[in-house]
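Asker: Could you look at this predicted model? Sequence included:
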Amino acid sequence: MIRVLLILVLCLGSGVAFAQTRPAGKVADLKLAVEAAKKACLARLAESPEYVAAKQAVVDAEAKQVALQNAGGEPQDRLEAAMATNKARVALKGMEDKAIKSDDGVIAAEKALVAATPVAPRVVYVVDAGGAMMSVFSDMRSQLAKNVSNLTEDTLFGVVVCGDPTAQFFNQNLLPAKIENKKKLDTFMDKVAAKGEANRIVGARAALLLKPDAVWLLTNATWGDALKAKELVSMYKAAHAKINTTVALQEGATEEAERKKQVEFLWNLARDTGGVCVLANGEVLKSPEEMPKPATKPVKTGDSIFDAK
């Protein structure tokens, strides 16, 4: 039986490597290697006639500036001396920066550091706050809160609410999943209510502005415009982002035809973007035909619709 934990969804479903397992000691050593490479580069530069001349120009300019200040020189002369000193310092720094930027040893060390530096998973939840969600909105909020509470601090997360008529961001940038940010989300969601017509396409597109690896789409409705849904899939593929969906909010539907349509839509949306579609207990829905029979009310097995038990 296939089970999905959020970290697996982020790593396998969104294409994020298990970078967080790289040893921190290795990264620290590589940072020291970068600094050592820069020092070696500057040591070689210091032996060049051009650098020696530039450094002497700084010394001469500083000496002239100090002499004018001590002698109480004319303001204009002191100003010109200060400008000359600054110009000499900028020229010297420019030589150093240029040498470091083009040094093969520094470039190799920096590439090794980038390759070993952990990449924080980036996940965004797109919440449907339309009137169609009224009967399940409380359950959805509870599941969202439980999932976010389980995120590790090295995860960057965000929430986009599909409202009427625009999308509303929890924050304009993704935030580390620290306790204070999780509490801020609780406060934010306390002010959100399901009502009106939600523009889900706008919300899903807005999520891409946060540059996510994976997006969780929380809705119990389908989109009537198949062309826009197809365009959305193309946008996510181009951004190398996956849409993960859950059919937990459909498990208590009473209208079989509408329920089937919703499940097929969400399953196809996840499949077409390389994501996964999961049930209320966190298990992957292998195909729309395997959707459990309708219950009299939404199924609430497991602690979270995103986590397997």
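Answerer: Here it is on my side, so go on. Numbering: from 1, shown residues only.
Asker: Give me the phi and psi for the spatially most central residue of the chain.
Answerer: Of all residues in the chain, the one closest to the mean position by CA atoms, centre = their mean is residue 122, 3.5 Å from it. Here is the backbone geometry of residue 122 (degrees, to the nearest 10): phi -120, psi 110.
Asker: Tell me the predicted confidence for it.
Answerer: Confidence at residue 122, expressed as pLDDT, is 92.
Asker: Residue 175: neighbour count?
Answerer: Residue 175 has 18 neighbouring residues, counting by other CB atoms under 10 Å. For glycine as for every other residue, the C-beta is placed from the backbone atoms N, C-alpha and C.
Asker: and what of residue 48?
Answerer: Neighbours around residue 48, by other CB under 10 Å: 12.
Asker: Likewise for the one 3 residues further on?
Answerer: Other residues near residue 51 come to 17 when the count uses other CB under 10 Å.
Asker: Who are the contact partners of it?
Answerer: Counting by CB atoms under 8 Å, 6 or more residues apart in numbering, residue 51 makes contact with 45, 92, 95.
Asker: pretty sure the residue nearest to the centre of the chain is touching residue 173, no?
Answerer: No. Between residue 122 and residue 173 there is no contact under CB atoms under 8 Å: 10.6 Å.
Asker: what sits in contact with each of these two?
Answerer: Both residue 122 and residue 173 are in contact with residue 210, where contact means CB under 8 Å, 6+ apart.
Asker: quick revisit: from residue 186, how far out is the residue nearest to the centre of the chain?
Answerer: Distance of residue 122 to residue 186, computed by CB to CB, to the nearest Å: 21 Å.
Asker: chain center to stretch 191-201: distance?
Answerer: 24 Å (CA atoms, centre = their mean, to the nearest Å).
Asker: from the contacts of residue 51, which ones fall inside helices?
Answerer: 45, 92, 95 (DSSP state H).
Asker: In CSV: those, plus pLDDT, neighbour count and distance to residue 151.
Answerer: Shown next, in CSV, are the ones in helices among the contacts of residue 51 (pLDDT from 0 to 100; neighbours: other CB atoms under 10 Å; distance: CB to CB, whole Å):
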residue, pLDDT, neighbour count, distance to residue 151
45, 95, 18, 46
92, 95, 17, 47
95, 95, 17, 46
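Asker: can you pull the buried residues of the host helix or strand of residue 76?
Answerer: Residue 76 belongs to helix 75-102 when assigned by DSSP states H and E. By neighbour count on 16 or more other CB atoms under 10 Å, the buried set for helix 75-102 is 78, 81, 82, 84, 85, 88, 92, 95, 96, 99, 100.
Asker: That one: what's the following helix or strand?
Answerer: Sequence-wise, the next helix or strand downstream of helix 75-102 (DSSP H and E) is helix 104-116.
Asker: Please tell me how far that next one is from the chain's geometric centre.
Answerer: The chain centroid and the centroid of helix 104-116 are separated by 23 Å under CA atoms, centre = their mean.
Asker: pLDDT on it, on average?
Answerer: 90.
Asker: Pull it out as PDB, backbone CA atoms only.
Answerer: C-alpha atoms of helix 104-116 as PDB (Å, rounded to 0.1, in the frame of the first residue of the first chain):
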ATOM      1  CA  ASP A 104      39.400  29.500 -11.500                       C
ATOM      2  CA  GLY A 105      40.100  28.300  -8.000                       C
ATOM      3  CA  VAL A 106      37.400  30.600  -6.500                       C
ATOM      4  CA  ILE A 107      34.900  29.600  -9.200                       C
ATOM      5  CA  ALA A 108      35.400  25.900  -8.500                       C
ATOM      6  CA  ALA A 109      35.100  26.400  -4.700                       C
ATOM      7  CA  GLU A 110      31.900  28.400  -5.000                       C
ATOM      8  CA  LYS A 111      30.400  25.800  -7.300                       C
ATOM      9  CA  ALA A 112      31.200  23.000  -4.800                       C
ATOM     10  CA  LEU A 113      29.600  25.100  -2.100                       C
ATOM     11  CA  VAL A 114      26.400  25.700  -4.000                       C
ATOM     12  CA  ALA A 115      26.100  22.000  -4.900                       C
ATOM     13  CA  ALA A 116      26.400  21.000  -1.200                       C
END
